[in-house]
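1. I would like to see how this sequence folds:
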Amino acid sequence: MNRRALMSSGAALAAATILGPLAPAALARAGRGEPVRFRLPAPNGPYPLGTVALHLADTARPDPWVPSRPCRELMISIWYPARGGAGRPAAPWMPPAAAERYLGRLGLPPGRVRLGDTHGREGAPVGGPPGPLPLVLYSPGSDASRSFGTGVVEDLAGHGFVVVTVDHTYDAAVVAFPGGRVETGPPNGVGDYAKALAVRSADIRFVLDRLAVLGSGGHPGVCRTPLPAGLRGALDLRRVGMLGHSLGGAATAATMLADGRITAGMSLDGGAAGPVVDAGLDRPFLVVDTPGKGGMENNPALRAFWSHLRGWRLHLTVRGAAHQSFGDDVLILPLLAPLLGMSAPKLEEEVGTIPGHRAQAFQRAYPRAFFDLHLRGGRGRLLDGPSAGFPEVGYAR
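-> As a prediction, the model looks like this:
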């Protein structure tokens, strides 16, 4: 479902039993008119986090969604293990100008919701294990934002990966550029998903090209934002993975077919479309899906893609999960539901019945296990078969 349509349903207040353990406080704050505050729980990796946002411009490509713009502009964030940085500001979960526009489009007045900060320090020096470090690219769902995968991203960076998150302009709900400019997606979300898939694939390949410039000692961005100390030598472009949610998951598969630089991919409840369905892939791929939103059970294209995977493969299902269980929405939506009049069934349709802390535990454990195995040669057993620590996860090969 389009996120804006979801958030403006206008149904009765959700029941506290659906909202989970945060519901009483959220309902009380809503009743008193106090701001509702969101902040991700702290990651548990051994390294502190650093991050930097960069403005990129592909001058060889007019914007495919707005042809009057002579080049394709993107915003990315680079996340990494840091050293020091305690005196640097924490990066906001979503840039303030983007957050204001996003919440306003949901019908929430200014100051009603405060989205808080991440655990990443802006511009902190790169630290962590001896580099260069494996790289993971993150593509969000349609009508979403790179911010919505922050929980997954923080975990990976805190365990020694460099993670690059991408906002696909005019496909994303909101994108804030330097200078205060904010670009939004169409009112009802992107309708041409085949085009969106092709655009996202081209975006990711361009981002990889710019990261190669960074690795060669250059600056990848437009505005020459100061780069964190140690960043130029931190990326190992021989070990590149990609992770995406929903349309970002489909884009992961499509981009891997087009670009051999990506050696392992993971899709969080994303389908499959385009040439990769029949061509398949010869590199590791992990499919996570749910019974809804076109999962393996009722999506012939995804089943065909699965059957054509020739490398390492794994199919995971998560009992009680729904489409928005695989990003920060699983924690945000229960907080916003009282303000937006979401009914209990509507909330359950989007985030499932899985408790938020269990959904987040999955987000933290399984992507890291996958990229540990395929980008670092790790020996963890989590992907081998059912785990006592995750009884809700089903495995199929």
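
2. Put the alpha carbons of the host helix or strand of Q360 into CSV.
-> Element membership for Q360, per DSSP states H and E: helix 356-376. Written as CSV, here are the backbone C-alpha positions of helix 356-376 (Å, rounded to 0.1, in the frame of the first residue of the first chain):
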residue,chain,number,x,y,z
GLY,A,356,8.3,-4.8,17.4
HIS,A,357,11.3,-5.9,19.4
ARG,A,358,11.3,-9.3,17.7
ALA,A,359,11.0,-7.7,14.3
GLN,A,360,14.0,-5.5,15.1
ALA,A,361,15.9,-8.5,16.4
PHE,A,362,15.4,-10.2,13.0
GLN,A,363,16.5,-7.0,11.2
ARG,A,364,19.7,-6.9,13.2
ALA,A,365,20.6,-10.5,13.1
TYR,A,366,19.9,-11.9,9.6
PRO,A,367,21.3,-9.2,7.3
ARG,A,368,24.5,-9.2,9.3
ALA,A,369,24.7,-13.0,9.2
PHE,A,370,24.2,-13.0,5.4
PHE,A,371,26.8,-10.4,4.7
ASP,A,372,29.2,-11.8,7.2
LEU,A,373,29.0,-15.1,5.3
HIS,A,374,29.3,-13.8,1.8
LEU,A,375,31.4,-10.7,2.2
ARG,A,376,33.7,-11.7,5.0
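
3. From the chain's centroid, how far away is it?
-> In terms of C-alpha atoms, centre = their mean, to the nearest Å, the centre of helix 356-376 is found 13 Å from the chain centre.

4. just checking, what packs against the first helix or strand past that helix going along the chain?
-> Helices and strands here follow DSSP H and E; after helix 356-376, the next one along the chain is strand 393-396. Helices and strands touching strand 393-396, by 3 or more C-beta pairs under 8 Å, 6 or more residues apart in numbering; DSSP states H and E, are strand 313-318. From N, CA and C alone the C-beta is placed, and that goes for glycine too.

5. Pull up the pairing partners for the strand it packs on, direction included.
-> Here strand 313-318 has these sheet partners by DSSP bridges: strand 285-289 (parallel), strand 393-396 (antiparallel).

6. Identify the residues contacting the shortest one?
-> Put plainly, it is strand 393-396. L314, H315, L316, T317, V318, R319, F362, Y366, G385, P386, S387 (C-beta atoms under 8 Å, 6 or more residues apart in numbering).

7. For these, give me JSON lines that also has neighbour count.
-> Shown next, in JSON lines, are the contacts of strand 393-396 (neighbours: other C-beta atoms under 10 Å):
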{"residue": "L314", "neighbour count": "20"}
{"residue": "H315", "neighbour count": "18"}
{"residue": "L316", "neighbour count": "20"}
{"residue": "T317", "neighbour count": "19"}
{"residue": "V318", "neighbour count": "23"}
{"residue": "R319", "neighbour count": "15"}
{"residue": "F362", "neighbour count": "22"}
{"residue": "Y366", "neighbour count": "24"}
{"residue": "G385", "neighbour count": "10"}
{"residue": "P386", "neighbour count": "10"}
{"residue": "S387", "neighbour count": "16"}
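
8. Show me which of those residues is closest to L331.
-> F362 (12.8 Å; C-beta to C-beta).

9. How about the secondary structure of the closest residue to P125 other than its chain neighbours?
-> Ranked by C-beta to C-beta, 6 or more residues apart in numbering and with sequence neighbours excluded, the top spatial neighbour of P125 is A229, at 4.1 Å. Counting by DSSP: H, G, I helix; E, B strand; the rest coil, the backbone at A229 sits in coil.

10. Next one: A229 from T51, what distance?
-> 14 Å (C-beta to C-beta, to the nearest Å).

11. go on, E297?
-> 38 Å.

12. Please identify which of the two sits among more neighbours.
-> Set E297 next to T51 and count neighbours by other C-beta atoms under 10 Å: T51 wins out with 27 against 12.

13. Check the gap between the spatially closest residue to that one that is not a sequence neighbour and G151 for me.
-> Leaving aside its chain neighbours, T51 sits nearest to G120 (3.6 Å; criterion: C-beta to C-beta, 6+ apart). Distance of G120 to G151, computed by C-beta to C-beta: 12 Å.

14. quick one, which of these two is more surrounded?
-> Each of G120 and G151 has its neighbours counted (other C-beta under 10 Å); G120 has more, 30 against 21.

15. Helices along the protein, start to end?
-> For the chain, the helices defined by DSSP state H cover 3-7, 16-19, 23-32, 96-105, 150-158, 193-215, 247-258, 276-279, 300-307, 329-340, 344-351, 356-376.

16. Quick one: closest of the ones you listed to Y47.
-> Of the helices of the chain, nearest to Y47 by C-beta to C-beta is helix 150-158, at 5.3 Å.

17. what does that closest one rub up against?
-> 40, 43-51, 79-81, 93, 118-120, 136, 138, 163, 165, 243, 327-328, 331, 360, 363-364, 367-368, 371.

18. one more time with 6 Å
-> 40, 43, 45, 47, 49, 79-81, 118-119, 136, 138, 163, 165, 328, 360, 363-364, 367-368 (C-beta atoms under 6 Å, 6 or more residues apart in numbering).

19. hmm, which helix or strand of the protein has the shakiest average pLDDT?
-> Ranking every helix and strand in the chain by mean pLDDT, DSSP states H and E puts helix 16-19 at the bottom, with a mean of 32.
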